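*Asks:* Here is a sequence with its predicted model. Questions after.
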Amino acid sequence: MTSGDGPLNGNGPRPGSAGWPASVTAWPEDGRSDAARVDRGLVDGVRRRLAGTGASATSAQVAAALRAEAGPHGGRDRLALTTALRSELTGLGPLDPLLADPAVTDVLVNAPDDVWVDGGDGLRRSTVSFEDDEAVRRLAVRLAVAAGRRLDTASPFVDARLPDGSRLHAVLPPIASRGTCLSLRIPRHRGFTLAGLATAGSLTPGMVAVLEAMVAARLPTLVSGGTGSGKTTLLGALCGLVDPSERLVIVEDAAELTVPHPHAVRMEARPANVEGAGAVGLRDLVRQALRMRPDRLVVGEVRGTEVVDLLVALNTGHEGGMSTVHANSPRDVPARMEALAALAGLGREALHSQLAAAVATVVHLERPRHGPRTVAEIAVLTRGPDQLVRSLPAVRRGPDGPGTGLLVAAGAPLIARMIHDRGVGVPELLLRPPGAGFPPDGPAGSDGSDVGDGDRLTGATAGSDPWSQPW
């Protein structure tokens, strides 16, 4: 995706000097990439020639069309122009240099001169810019067409997956008041292991041992967190722990999971075509997955009525299933599931009955403003005196981050018991006693109401942490 050696990246003559191509009008110091500096008329001319011949925009075909349109250039000039033109015609234009960085996960275009990038350590503003809003719009429309979707005045927004697996979202003006907005989520084609995530600081070795035991014991698990917190990455790592002899059937709205498993079958939802027909939703795919003899069912994310089919599947012998859900904290997961189930007409009492029987544990991730995404808490789902499901904390990071160690809470013995009952060795961390400051009956009071972290603490002294002691 880089422009190679040539005048456009600073290794050739300067503007106005001998050998400088007239079709390039600015020097790289203006903060714009090669494609943004190529003359618009030259791009249109090359595009017309390629369209007239019916040729694909390979490097050779673009070079031939360039020679026919603009005459011969020097070797390095021609290579630079060909690369820039191909990026403009078939690539991501000015965004190509950003996506050449393997650490980049998100690219966000708010306006022609307002481009942001996330390299895993939070958003930062890029020096990349577009000529004008029309250039951003052209790119967004071309990407939408490549994904088989429509983006125009009548349909001013699109959410689609590109052929390389990237997730595209675009909104056109006047819906987007500042101009065309473009968001790209770049998939990681190399999956992470739990050990790799621990090395990166996303979780501790103690948490790794607990998660490994949970997967081996086939405890059905939800991975929760906010947008961009790393839910999909962690879910892929957990799937990689599944025994190779087990058959995984994976259902996703958009194929984002990287699963290092030898026996994984994948299905992806399909949106409706321009006529509004042909849609295949997650709910349809979950039902089909149950007929494919899965040892474990994995749903990339539950965000709608498919939550009902997932819970039914996990309650009919398909143990060890996993999925992700958006939630601000583990305590919010039951309420989130309740809201999703309501979309399918499932009542509150029925949802909590299904949830209590179907899901055992929740792994919650957080995305701090600075630093790596982290596994903040492992919790167990249990029913309170009012028969409603609550999230009971088991293990979490210390209040000041990784340096303070792990805090063990009242849910740890429940997870330890489930792991032991299924014939799997219990990690040492779960055998530690919960802190004396944590209520013996969990976070719910005798009347069934939720008790906050600092309320009605038995034996807690002023200023002590109600969760536990760090280990």
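*Replies:* Here it is on my side, so go on.
*Asks:* and the residue nearest to V259 when sequence neighbours are not counted, what does it touch?
*Replies:* Sequence neighbours aside, C239 is the residue nearest to V259 in space, at 4.5 Å (criterion: CB to CB, 6 or more residues apart in numbering). The C-beta positions use only the backbone N, C-alpha and C, and glycine is treated the same way. Neighbouring residues of C239 by CB atoms under 8 Å, 6 or more residues apart in numbering: 248, 250, 257, 259-261, 264, 298, 322.
*Asks:* Go again with 10 Å.
*Replies:* Counting by CB atoms under 10 Å, 6 or more residues apart in numbering, C239 makes contact with 191, 215, 248, 250, 257-261, 264, 296, 298, 322.
*Asks:* when you check those residues against the helices, which ones overlap?
*Replies:* V215 (DSSP state H).
*Asks:* hmm, back to that, tell me the confidence at the residue nearest to V259?
*Replies:* pLDDT, C239: 94.
*Asks:* how much space between it and V215?
*Replies:* Counting by CB to CB, to the nearest Å, the gap from C239 to V215 is 9 Å.
*Asks:* joint contacts of those two?
*Replies:* 296, 322.
*Asks:* avg pLDDT for stretch 359-373?
*Replies:* Across stretch 359-373, pLDDT averages out at 87.
*Asks:* Dump it to CSV, restricted to CA.
*Replies:* Only the C-alpha atoms of stretch 359-373 are listed here, as CSV (Å, rounded to 0.1, in the frame of the first residue of the first chain):
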residue,chain,number,x,y,z
VAL,A,359,-25.1,-18.6,30.9
ALA,A,360,-22.7,-19.3,33.7
THR,A,361,-20.1,-16.6,33.6
VAL,A,362,-19.3,-13.1,32.2
VAL,A,363,-15.9,-11.8,31.2
HIS,A,364,-15.9,-8.0,31.1
LEU,A,365,-13.4,-5.8,29.2
GLU,A,366,-12.7,-2.1,29.6
ARG,A,367,-10.9,0.3,27.3
PRO,A,368,-8.9,2.8,29.3
ARG,A,369,-8.1,6.2,27.9
HIS,A,370,-4.5,5.3,27.8
GLY,A,371,-2.9,1.9,27.7
PRO,A,372,-4.1,-1.5,26.4
ARG,A,373,-7.6,-2.8,26.5
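*Asks:* Quick one: distance of that stretch to the chain centre.
*Replies:* Here stretch 359-373 is found 13 Å from its chain centre; the criterion is CA atoms, centre = their mean, to the nearest Å.
*Asks:* Over to stretch 388-396?
*Replies:* With CA atoms, centre = their mean as the basis, stretch 388-396 stands 24 Å off its chain's centre.
*Asks:* go on, stretch 224-243?
*Replies:* 9 Å.
*Asks:* re the thing from before, can I have the buried ones of the contacts of C239 as a PyMOL selection?
*Replies:* Of these, the buried ones go into a single PyMOL selection, burial set by 16 or more other CB atoms under 10 Å:
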select buried, resi 191+215+248+250+257+258+259+261+264+296+298+322
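*Asks:* With distance to V395 added, can I get the contacts of C239 in CSV?
*Replies:* Below are the contacts of C239 laid out as CSV (distance: CB to CB, whole Å):
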residue, distance to V395
G191, 24
V215, 15
L248, 26
I250, 27
L257, 25
T258, 26
V259, 25
P260, 25
H261, 26
A264, 28
R296, 23
V298, 23
M322, 18
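*Asks:* Can I get the contacts of C239 in CSV including pLDDT?
*Replies:* Converted to CSV, these look like this (pLDDT from 0 to 100):
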residue, pLDDT
G191, 73
V215, 97
L248, 95
I250, 94
L257, 86
T258, 85
V259, 88
P260, 85
H261, 90
A264, 94
R296, 94
V298, 94
M322, 95
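*Asks:* for the contacts of C239, which one is nearest D159?
*Replies:* Nearest to D159, judged by CB to CB, of these is L257 at 17.8 Å.
*Asks:* Disregarding residues adjacent in the polypeptide, which is nearest to the closest one?
*Replies:* G236 (4.9 Å).
*Asks:* and what of S323?
*Replies:* Per CB to CB, 6+ apart, closest to S323 is V299, 4.1 Å.
*Asks:* The one you found pairs with what?
*Replies:* Counting by DSSP bridges, V299 is bridged to V251, S323.
*Asks:* if I look at it, how far off is V286?
*Replies:* With distances taken as CB to CB, V299 is found 6 Å from V286.
*Asks:* what residues are shared contacts of these two?
*Replies:* With CB under 10 Å, 6+ apart as the test, V299 and V286 both reach 249, 251, 306-307, 309-310, 313, 323.
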